[in-house]
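**Student:** Starting from these lines, generate the structure:
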Amino acid sequence: MDAIGTNLGMLAIAVAALVCAAALVAWARRRDAAAEGASPSALTRGERVVVAIVGGGALVAIPLSVYSLLASAMWFASAPVLRVDDLPLGGSTAPGFLESATAVTGAGYDTAWIEVADLPAGPRWLLWAEAALPMALALVLAVGIASLAFALLRGAPFARTLPVALGGAAIVVVAAGLGTQVFGAIARAEIISSLGPPQLITSHDDGSGVAEGFIFALSLDLSPIGWGLGIALLSAVFAIGTRMQHDTKGLV
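**Tutor:** Okay, here's the model as predicted:
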């Protein structure tokens, strides 16, 4: 897609988010008017606009995430040539243009990219899973944010479904954060094994030193576990708030 198409797409997304925000503000005003002052909103006008903008953006993100998931699946399934980035490389030598740099005492390449034709179905779907898990995470978070925005505009932020949504989001955060790393490493290992004999493709020591080639590497970033635990704790807070709201309903 060219620059003009990209800019037009971003403009369309921004307009759609503003339209959704305006619709949410109008819906909240009609709801408050229908309440006839029995339960005034706890949000000020400015807070309501901010919540509506955030909720409108989340509503726009939901179909975009679904489209991204489907489009990426079609691409990985049918593309004749796929580019694979971040293939771990071992035994690489220093770049030639650094030979004249006396201050450089060591250099090499950690990763490489290749374009592969006629890739088997297994690595294709593993690569898609690596790309799709963050999209699924964005979809789940967009649904949760939109639900929270609706709850705030209704004047009932401690809805019964919100703790469940947050708990599901916590699980998805951990699964997506770790799964994308694991699927990516397995996909690259499968691609390396499909390129040719291991003694020609992979890094090895033939007695004269380590030869340059691809290697299998998996370095897990465990930060998604921390994010998931934080969201799970937030889910517990909202669950307690929901029970307190139910217990005190009608007392004031």
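
**Student:** Run the chain-centre distance for the helix or strand hosting residue 162.
**Tutor:** Assessed by DSSP states H and E, residue 162 sits inside helix 161-195. Averaged C-alpha coordinates place helix 161-195 at 10 Å from its chain's average position (CA atoms, centre = their mean, to the nearest Å).

**Student:** Could you point out the helix or strand that follows the top strand by length along the chain?
**Tutor:** If you go by DSSP state E, the chain has its longest strand at strand 81-90. Elements were assigned by DSSP H and E; along the chain past strand 81-90, the next helix or strand is strand 111-117.

**Student:** Can you tell me which helices and strands that following strand packs against?
**Tutor:** Counting contacts by 3 or more CB pairs under 8 Å, 6 or more residues apart in numbering; DSSP states H and E, strand 111-117 packs against strand 81-90, helix 161-195. From N, CA and C alone the C-beta is placed, and that goes for glycine too.

**Student:** just those: most buried one?
**Tutor:** Comparing the helices and strands packed on strand 111-117 by mean neighbour count (mean count of other CB atoms under 10 Å), helix 161-195 ranks first with a mean of 19.

**Student:** so for that helix, what's the average pLDDT?
**Tutor:** The average pLDDT within helix 161-195 is 86.

**Student:** what angle do it and strand 111-117 make?
**Tutor:** 80 degrees (axes from the mean of the first three to the mean of the last three CA atoms, to 10 degrees).

**Student:** got the angle for helix 161-195 vs strand 81-90?
**Tutor:** The directions of helix 161-195 and strand 81-90 differ by 80 degrees, with the same axes, to 10 degrees as the criterion.

**Student:** which parts of the helix or strand where residue 137 lies are buried?
**Tutor:** In this structure, residue 137 is located in helix 121-154 according to DSSP H and E. Judged by neighbour count (16 or more other CB atoms under 10 Å), helix 121-154 contains these buried residues: 123-133, 135-153.
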